[in-house]
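Colleague: The following comprises the amino acid sequence and a computationally predicted model.
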Amino acid sequence: MYEKMGENMDKASSAQVQEYLGGMDYPATKEDLVSHARSQGAPQHIVDAIEKLPRESFDTARDVSQAFGEMHEME
């Protein structure tokens, strides 16, 4: 995976998170997502973003994106 120039390293976008979740088998728990992202070489800010998701389980990649959006709405 690669890091884009100028990308804010403190906050992960939903698209950046999904980059490291490619090939993930669903349904999955938050713990499963973290493990998969780490195995794909995700930087710590991506892992942190997954760990902060407001749900514990996900049926699809779309569920992850929706939870990510909900998290940002709460900020």
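Modeller: Right, received. Where do you want to start?
Colleague: Identify each buried residue in the longest helix seen in the chain, please.
Modeller: Counting residues, the longest helix found in the chain (DSSP state H) is helix 61-74. For helix 61-74, burial by neighbour count (16 or more other C-beta atoms under 10 Å) applies to 61, 63-65, 67-68. For every residue, glycine as well, the C-beta is placed using N, CA and C.
Colleague: now swap in stretch 36-54 and tell me
Modeller: Those would be 36-37, 42, 46-47, 49-50, 53, for stretch 36-54 by 16+ other C-beta under 10 Å.
Colleague: the bottom helix or strand of the chain by mean pLDDT?
Modeller: helix 61-74 (a mean of 87; mean pLDDT, DSSP states H and E).
Colleague: returning to that earlier point: which neighbouring elements make contact with the longest helix of the chain?
Modeller: Helix 61-74 is packed against helix 14-19, with contacts defined by 3 or more C-beta pairs under 8 Å, 6 or more residues apart in numbering; DSSP states H and E.
Colleague: Now Lys11: which helix or strand?
Modeller: Assessed by DSSP states H and E, Lys11 sits outside every helix and strand.
Colleague: what's the answer for Ser35, then?
Modeller: helix 30-39.
Colleague: residues in contact with the residue nearest the centre of the chain?
Modeller: Nearest to the mean C-alpha position of the chain, by C-alpha atoms, centre = their mean, lies Val17 at 3.5 Å. Each residue near Val17 by C-beta atoms under 8 Å, 6 or more residues apart in numbering is listed here: 37, 46, 49-50, 64, 68.
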